[in-house]
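Asks: Based on what follows, work out the 3D shape:
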Amino acid sequence: MSDTLRTYDVVVIGAGPVGENVADRTSAAGLSTVIVESELIGGECSFWACEPSKALLRPVLARADARRVPGLRQAVAGPLDVAAVLAHRDDIVNHWQDDDQVDWLNSVSVHLVRGQGRFDGPRQVVVSTPDGDTVRLTARHAVAVCTGTGTALPDLPHLDEIRPWTNREATGADRVPGRLAVVGGGVVAVEMATAWRALGAQVTMLVRGSRGLLTRMEPFAGEMVADALREVGVDVRFGASVTSVTREEGDAGEVRITLADGEQLAADEILFATGRAPRTDDIGLETIGLTPGDWLTVDDTFRVSAINDGWLYAVGDVNHRVLMTHQGKYQARIAGAVIGARAHGELVDDSRWGPHVATADSVAVPQVVFTDPEVASVGLTTREAERTGRRIRVVDYDIGGVAGAVQYAKGYRGKARMLVDLDRGTVAGVTFVGPGVAELLHSATIAVTSEVPVERLWHAVPAFPTISEVWLRLLETYRG
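Replies: Numbers count the residues shown, from 1 in each chain. So this is what the prediction gives:
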């Protein structure tokens, strides 16, 4: 065992996509940077969330699209090749090896220390390495916490004993369960229900509330996804609160689920997709005056508000602003630039849409749900606009009436909603639901972020025949 002391300009705790981007930006700013990681470099998104889940879903959505195209329907009538789908997933995550990620860190001159990093006072991080050594790191300018989140499991008796699935088991499983119970109604729940049902599992969704699926989005989005899930055989139940879970003896023992109304269900596996919790319980926050397990509240430049002298930053999911990988990477690019500017004594421009502030976190957050149908949204929803007192006009259009949609799929079903800010004459929010709509989202994001006047959008001519022609139809509907 050995004890090593090292000093860097910047110490980053957590080497997921967010931490990697912070480190990349601070290194590019000429600051010596070290990153600390206890698991795989690339983090949750690369190995247990975004990447493997989309690898499972891509064959599902491609087959669904093909079944709607005359001439292809019979060719794809059979089941998916489960072994090939799982092998594709394994290839996408590089068989849970992070060699490529380590090579990338080396290419951008970021040092890596593997192990559990914990604070030991201001600007001090102590790393316990896998081989039993201790590395003590001191930051001259900043420490950035980028530890992300883990599944927030419900408070049920003996839950750990039944070996429940979280997103990690759901995206990494090497076999299809005969019966899968999914607890939750958010993005992870609907995507994994979509994937595993298509791979052959009998899926039951247990949603505690009665408002439907995807409740942070426009209500019609959750309704259309619920209808589609039921059409492929998923048992979607609302108002279904789980009160206890037990498992029979043995690794493959049956899971028995009891609901609040006394009904009992049986499954082979149970997935809890019931929210996220910050990974801050074991990073030594108590040594710097913060509470372990808490979210880290930040200002718009990602400095942790509770630390007076401004050396501590929290970036990505851990700050609870927007729990999405792409938004965390956006935050990381900004935080890295902020840290670099402050280290060099340069002016920090934190004005709206300035280079050192994450305005999009509250104005233009894009999101895609990779179900069938897909859901894509950015900016305000109708409910948020009403809650904040914004004067908006809601413009809806049936995407199935667009020529490009007719070409895309026979019997195309989809819906678009555009919210127009009546005081500013700009687009405040957009939601698309339907096959293939994910690729429409960036145009909507640009419209919301750039605050393009609706009258100017009239001159943005969509190509014919594409699904993007729905923009023209929305504008025509708005103009009356």
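
Asks: make it CA atoms for all contacts and neighbour counts henceforth
Replies: OK.

Asks: what about residue 420, which helix or strand?
Replies: Using DSSP states H and E, residue 420 maps to strand 415-421.

Asks: What strands line up against that strand, and which way round?
Replies: Applying DSSP bridges to the sheet, strand 415-421 is found paired with strand 392-398 (antiparallel), strand 426-434 (antiparallel).

Asks: Switch the ones you listed over to JSON lines; also include mean neighbour count.
Replies: Listed next are the strands paired with strand 415-421 as JSON lines, based on neighbours: other CA atoms under 10 Å:
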{"stretch": "strand 392-398", "mean neighbour count": "18"}
{"stretch": "strand 426-434", "mean neighbour count": "27"}
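
Asks: Between those, which one is closest to residue 274.
Replies: strand 426-434 (23.3 Å; CA to CA).

Asks: how about the CA coordinates for that closest one, as PDB?
Replies: Taking C-alpha atoms only, strand 426-434 is exported to PDB below (Å, rounded to 0.1, in the frame of the first residue of the first chain):
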ATOM      1  CA  THR A 426     -42.200  33.100 -31.100                       C
ATOM      2  CA  VAL A 427     -42.400  29.400 -30.600                       C
ATOM      3  CA  ALA A 428     -42.300  28.500 -26.900                       C
ATOM      4  CA  GLY A 429     -42.600  24.700 -27.200                       C
ATOM      5  CA  VAL A 430     -43.100  21.800 -29.600                       C
ATOM      6  CA  THR A 431     -44.200  18.200 -29.100                       C
ATOM      7  CA  PHE A 432     -44.200  15.600 -31.800                       C
ATOM      8  CA  VAL A 433     -45.600  12.000 -31.400                       C
ATOM      9  CA  GLY A 434     -45.400   9.500 -34.200                       C
END
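
Asks: For that strand, which outside residues touch it?
Replies: Applying CA atoms under 8 Å, 6 or more residues apart in numbering, the contact partners of strand 426-434 are 218, 221, 224, 364, 372-381, 399, 412-421, 440-441, 444, 447-448, 451-454.

Asks: Repeat that for stretch 92-110.
Replies: With contacts defined as CA under 8 Å, 6+ apart, stretch 92-110 is touched by 20, 23-24, 27-28, 32-35, 40-42, 46-47, 51-52, 55, 90, 111-112.

Asks: Which of those fall in helices?
Replies: Among the contacts of stretch 92-110, DSSP state H puts 20, 23-24, 27-28, 46-47, 51-52, 55, 90 in helices.

Asks: got a winner among the residues you listed for most neighbours?
Replies: When neighbours are counted by other CA atoms under 10 Å, residue 23 leads the ones in helices among the contacts of stretch 92-110 with 32 neighbours.

Asks: Next, work out how far apart the spatially most central residue of the chain and residue 367 are.
Replies: For the chain, the residue nearest the mean C-alpha position is residue 324 (3.5 Å; CA atoms, centre = their mean). From residue 324 across to residue 367, the span is 8 Å (CA to CA, to the nearest Å).

Asks: where along the stretch 101-250 of the chain do the helices fall?
Replies: For the stretch 101-250 of the chain, applying DSSP state H, counting those that start in this stretch gives helices covering 167-172, 187-198, 219-231.

Asks: Any idea which of the ones you listed gets closest to residue 249?
Replies: Among the helices of the stretch 101-250 of the chain, helix 167-172 sits nearest to residue 249 (CA to CA), with 19.7 Å.

Asks: Counting neighbours, show which residues of the closest one come out buried.
Replies: 167-168, 170-172 (16 or more other CA atoms under 10 Å).

Asks: can you give me the strands for the stretch 1-150 of the chain?
Replies: Secondary structure of the stretch 1-150 of the chain (DSSP state E, counting those that start in this stretch): strands located at 3-13, 33-37, 111-114, 116-119, 124-128, 134-145, 149-151.
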